[in-house]
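Undergrad: below are the sequence and a predicted model for it; my questions follow.
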Amino acid sequence: METGFSAGGVSRAYQSARKLAVADTPKMAALESPARPSFQDLLSQTATQSVQTIRAGEAAALAGLQGQMPMQKVVEATLAMESALKVTVALRDRVVEAYQEVMRMSV
């Protein structure tokens, strides 16, 4: 199975990260400015947006069944919901693959 990155590259990245200074240092604090959101913030925002899109798609489907929304809007909301779900599942799969790769590394 092709993972898209080699174990050697991951190992070198791990060794480089171990050599970095502690995150409390002023140099690292300067890198984490408010203008650049953290990876955790990006994941949180993406998850929140995905949930909102899926809920909007479900609400549109119900409104369409009740005749309160045009069919075109229902289809657009359903397609957006499907796309958000596919992206979320793909992201989850990549995170699981990365975790498994880290667990296979010998220390």
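TA: Perfect, I can see it now.
Undergrad: burial of the residue lying closest to Met69 once chain neighbours are set aside, as a residue count?
TA: In space, and not counting its chain neighbours, Met69 is closest to Ala63: 3.9 Å by Cβ to Cβ, 6 or more residues apart in numbering. In this view, the C-beta of every residue, glycine as well, is placed from N, C-alpha and C. Neighbour count for Ala63, taken as other Cβ atoms under 10 Å: 15.
Undergrad: now do Ala35 against Ala77, distance only.
TA: 33 Å (Cβ to Cβ, to the nearest Å).
Undergrad: which one of the two has more residues nearby?
TA: Using other Cβ under 10 Å, the more surrounded residue of Ala35 and Ala77 is Ala77, with 21 against 5.
Undergrad: test my guess that the more buried one contacts Gly57.
TA: Yes - with contact defined as Cβ atoms under 8 Å, Ala77 counts as touching Gly57 (4.6 Å).
Undergrad: using the three-state scheme, assign Arg55.
TA: helix (DSSP: H, G, I helix; E, B strand; the rest coil).
Undergrad: neighbours of it, how many?
TA: Using other Cβ under 10 Å, the number of residues around Arg55 comes to 11.
Undergrad: got it, and the one 4 residues further on?
TA: For Ala59, the tally of surrounding residues (other Cβ under 10 Å) stands at 13.
Undergrad: ok, it - contacts?
TA: Ala77 (Cβ atoms under 8 Å, 6 or more residues apart in numbering).
Undergrad: could you redo the last one with a cut-off of 10 Å?
TA: Ala59 sits next to Met69, Ala77, Met81 when contact means Cβ atoms under 10 Å, 6 or more residues apart in numbering.
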